[in-house]
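**Q** Here's my sequence, what's the structure:
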Amino acid sequence: MLVRFLMTATLLAVVYDGALAQKASATATIASADGTAPVAAKAAPAILSKVTQIDIVGLKKLIKPTGRPLLINFWATWCPPCTEEFPDLVKIDTDYRGKLDVITVSLDDLADIDSYVPKFLAEMKAEMPAYLLHTKDEGAAIRLIAKDWSGNLPMTVLYDGSGSVAYMRNGKIRVQPLRDNIDKLLSPPATTK
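**A** Numbers count the residues shown, from 1 in each chain. A predicted model of the protein is given here:
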């Protein structure tokens, strides 16, 4: 009986210490206004990014030409190359904002639309529009993007302003070739004399 009591007491102490450690990590210590006594402050909650669910009709609308180049990236949180390249996509979005439309389309499960996907986007500080594709006919969605795409991720497509494919990369992006193709689209055409 004493052994069971000691084991229970030890287990409760470990659980209590763990709870205190979690609570402590959720707060930060800051100095008071006069600089004398530390004050505990709650950590600011992360603002989750908005992810919009689309189907095949929504995907068709996304790739409809608008007169401005469009970069669309298909990805998923469970895809290591996708998550590895994401900081580069965020940087491209920042560098070309106002000249190039950048959107991301997640192929995660629909159940992740309010959890894993927006949490990842918030961690990446992604500001580009984010969508989650949910369709019964994935083959039709894949063929809509590229006839020779098998559906593996990541997939990045750069469209010119008229909706023609200017660059396509199946697999992790290569940043400089992608930037070169974007710059080529954004450069005014050379005039001949």
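
**Q** can you map out the helices along the chain?
**A** 2-25, 56-62, 80-95, 116-124, 138-145, 175-186 (DSSP state H).

**Q** Lowest mean pLDDT across the ones you listed, which one is that?
**A** Looking at the helices of the chain, the lowest mean pLDDT belongs to helix 2-25 (a mean of 36).

**Q** Name the residue closest to the centre of this structure, please.
**A** Centroid-nearest residue in the chain: residue 121, 3.7 Å away (criterion: CA atoms, centre = their mean).

**Q** Identify the spatial nearest neighbour of that one, chain neighbours not counted.
**A** residue 49 (3.7 Å; CB to CB, 6 or more residues apart in numbering). Placement of C-beta: from N, CA and C, glycine included.

**Q** got the contact list for residue 165?
**A** 146, 157-159 (CB atoms under 8 Å, 6 or more residues apart in numbering).

**Q** neighbours around residue 140, how many?
**A** Residue 140 has 11 neighbouring residues, counting by other CB atoms under 10 Å.

**Q** need the contact list for it.
**A** Residue 140 neighbours (CB under 8 Å, 6+ apart): residue 56.

**Q** That one and residue 133, how far apart?
**A** 11 Å (CB to CB, to the nearest Å).

**Q** Then residue 181?
**A** For residue 181 relative to residue 133 (CB to CB), the value is 24 Å.

**Q** got it, and residue 69?
**A** From residue 69 over to residue 133 (counting by CB to CB), the distance is 21 Å.

**Q** Looking at these two, which is more packed in?
**A** residue 69 (24 against 19).
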